[in-house]
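Q: next comes the sequence, and after it the predicted model I'd like to discuss.
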Amino acid sequence: MLKEALNRDPDCNEAKIAIKMVKVTKANKEEAGALFKADKLDEAIEKFDECLQLDPLNLNYNATILLNKSIALVKQEKKELALASLNKCLRMNPKYAKALVKRGEVYSALGDWEEAVNDYGAAAQIDSSGFNVQQKLKHAQGKAK
């Protein structure tokens, strides 16, 4: 759409700025992902935080960044910080099934089985076959009793 806007109006500064921002956010997200894959978790988390500052109004992008940050925090055994990141993520995108499953996993690790059941149940309503959610839901339900 942005390229089409520029084709119609080559002097459209808003479209030029938006295209540049898309490129910058993509590059930063890729850099953060590479740091994560290299197991440089502190650096990856720092880069994820930088990504969040680039386009604060892009809720879907920021929700994805917060999910990725939470995964890095879980790997560092920082479950409470991961939970805070997931809560922010889900405020931005309440129907993000993958984030609901991840938050359910964090709640499970913290022994909060009722919250895990709630999140797995919500994720199952959005995507009943993804992320092994049905098995996780049954397991959490068994623990919650």
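A: Yep, it's here.

Q: and the gap between residue 131 and residue 67?
A: Distance, residue 131 to residue 67, by Cβ to Cβ, to the nearest Å: 12 Å. Backbone N, C-alpha and C define where each C-beta goes, glycine included.

Q: tell me how many other residues surround residue 42.
A: Per other Cβ atoms under 10 Å, the neighbour tally for residue 42 reads 10.

Q: and it, what element?
A: helix 41-54 (DSSP states H and E).

Q: just checking, what packs against that helix?
A: The contact analysis (3 or more Cβ pairs under 8 Å, 6 or more residues apart in numbering; DSSP states H and E) places helix 41-54 against helix 13-37, helix 59-75.

Q: would you single out the least confident of the ones you listed?
A: Looking at the helices and strands packed on helix 41-54, the lowest mean pLDDT belongs to helix 13-37 (a mean of 87).

Q: tell me the buried residues in that helix?
A: Neighbour counts over helix 13-37 (16 or more other Cβ atoms under 10 Å) mark 15, 18, 25, 28-29, 31-32, 35-36 as buried.
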